[in-house]
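[1] fold the following for me, if possible:
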Amino acid sequence: MPTEAKIATVAQLTKDLAQGGPAIVADYRGLTVAELTAMRRALRDQGISFQVVKNRLARIAARDAGRDGLTALLDGPTGLALADKDEIALARAFLDATKPFRTMTVRGGLVGNRSFDGAAITKMSTLPPREVLLAQLAGGFASPLAGLGSVLSAPLRNLGFALSQLAAKKAEQAN
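    As a prediction, this is how the structure comes out:
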């Protein structure tokens, strides 16, 4: 029979997972309580919650929240990082905060209901921010259009230049 504490833990975890934000699953093995507290404090300052979860309870909460992609990552000592920010910002902030703790390993992550392995989360942290990616995309669309505009205006520009040269030559001959 489940205890009240476990029911409350599952309910809170289900609520957190149901919000649909990205999640990172890490193995915290080898960290002392003081190191774990320092890491939690560093993550909390960046708007990320990190909690140690029991795998069985986390599986139940993931199933109830409709985020079944998380269950494959729940094996061994599990720490779960959740945030309301985008997945790239979460990955970057999490890896920066856990860098001093060499024993911590990222097992994977969850974006929507799609799970990623630890290597993908590490690659995700190296991507530029969302605003920069959108600006690069807009620049990629605008560049060919600007080139096309320049090519189409070149004959008219050249005609204007030739006419001004012709007018200057006629003015010179008239003198």
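[2] any low-confidence regions in this protein?
    Applying pLDDT under 70 to the chain flags the ranges 1.
[3] tell me the domain boundaries of it?
    Split into domains by automatic domain parsing, the chain comes to 4-127, 128-175.
[4] quick one: the lengthiest helix in the chain to chain centroid distance?
    In the chain, taking DSSP state H as the definition, the longest helix is helix 130-174. The chain centroid and the centroid of helix 130-174 are separated by 39 Å, computed with Cα atoms, centre = their mean, to the nearest Å.
[5] before we move on, the earlier item: could I get the domains of the chain as JSON lines with mean neighbour count?
    For the C-beta atoms, the positions are set from N, CA and C on the backbone; glycine is no exception. Converted to JSON lines, the domains of the chain look like this (neighbours: other Cβ atoms under 10 Å):
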{"stretch": "domain 4-127", "mean neighbour count": "17"}
{"stretch": "domain 128-175", "mean neighbour count": "10"}
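[6] contacts only, for residue 40.
    Listed by Cβ atoms under 8 Å, 6 or more residues apart in numbering, the contact partners of residue 40 are residue 50.
[7] would you mind measuring from it to residue 61?
    To residue 61, residue 40 is 20 Å away according to Cβ to Cβ, to the nearest Å.
[8] let me see the ranges of the strands in this protein.
    23-27, 48-53, 78-83, 105-111, 114-117 (DSSP state E).
[9] which of the ones you listed sits closest to residue 157?
    Closest to residue 157 of the strands of the chain, according to Cβ to Cβ: strand 105-111, at 49.0 Å.
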